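[1] give me coordinates for this.
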Amino acid sequence: MTRPDRIPAPDDAHDDALRAAGLRVTRQRRAIMAALMSADDHPDVPELHRRVRAEEPTVSLATVYRTLAALSKKGVVQRLSFEGEPARFETSDAPHHDHIVDLDTGAVIEFVSPEIERLQREIARRHGYEIVSHKLELYCRKR
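    This is a model prediction of the structure:
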């Protein structure tokens, strides 16, 4: 997975996300949002803290935890809980996707399958339901 060498400068989207969560916009929180929104992986809190500190050395681990908790509570970010792994985070503005978790490396791979989506809707409909939300996680090993 590639990660940006530098976190992009915070912008209005970062501020809007913080305000949507009811948080005051601070330099540290803007750096947290910038790091999360630019991530092409699913960082856990210590990894996100490491990335943010590279740009904003004054940010504490506690600030990252509190900020992510508030953003998660308001639905701005999603807290991902994979079996046997620490919680990871991604922004909620990404289009729907599912995840493959590599049991040997811990890598998390996003994928989209229209066929799986169609089958899930069909199964729910057969049982008299309409899907409101869902997540699919496949725990795999390379052959």
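[2] how about the strands in this structure?
    77-80, 88-91, 98-102, 108-111, 137-140 (DSSP state E).
[3] and among those, the most buried is which?
    Each of those was scored by mean neighbour count; the highest is strand 88-91, a mean of 20, by mean count of other Cβ atoms under 10 Å. In short, each C-beta sits where N, CA and C put it, glycine included.
[4] ok, the nearest residue to residue 138 once chain neighbours are set aside to residue 14 distance?
    Residue nearest to residue 138 in three dimensions, not counting chain neighbours: residue 100, with 4.7 Å by Cβ to Cβ, 6 or more residues apart in numbering. Separation of residue 100 from residue 14 (Cβ to Cβ, to the nearest Å): 29 Å.
[5] what do you get for residue 69?
    Residue 69 is 17 Å from residue 14, where distance means Cβ to Cβ.
[6] so for stretch 91-98, what gets flagged as buried?
    91, 98 (16 or more other Cβ atoms under 10 Å).
[7] span of that stretch from start to end?
    14 Å (Cα to Cα, to the nearest Å).
[8] ok, now stretch 89-108?
    11 Å.
[9] just how off-centre is it within its chain?
    8 Å (Cα atoms, centre = their mean, to the nearest Å).
[10] tell me if I'm right that residue 130 and residue 124 touch.
    Yes: the pair residue 130 / residue 124 is scored as a contact, 6.3 Å apart, by Cβ atoms under 8 Å.
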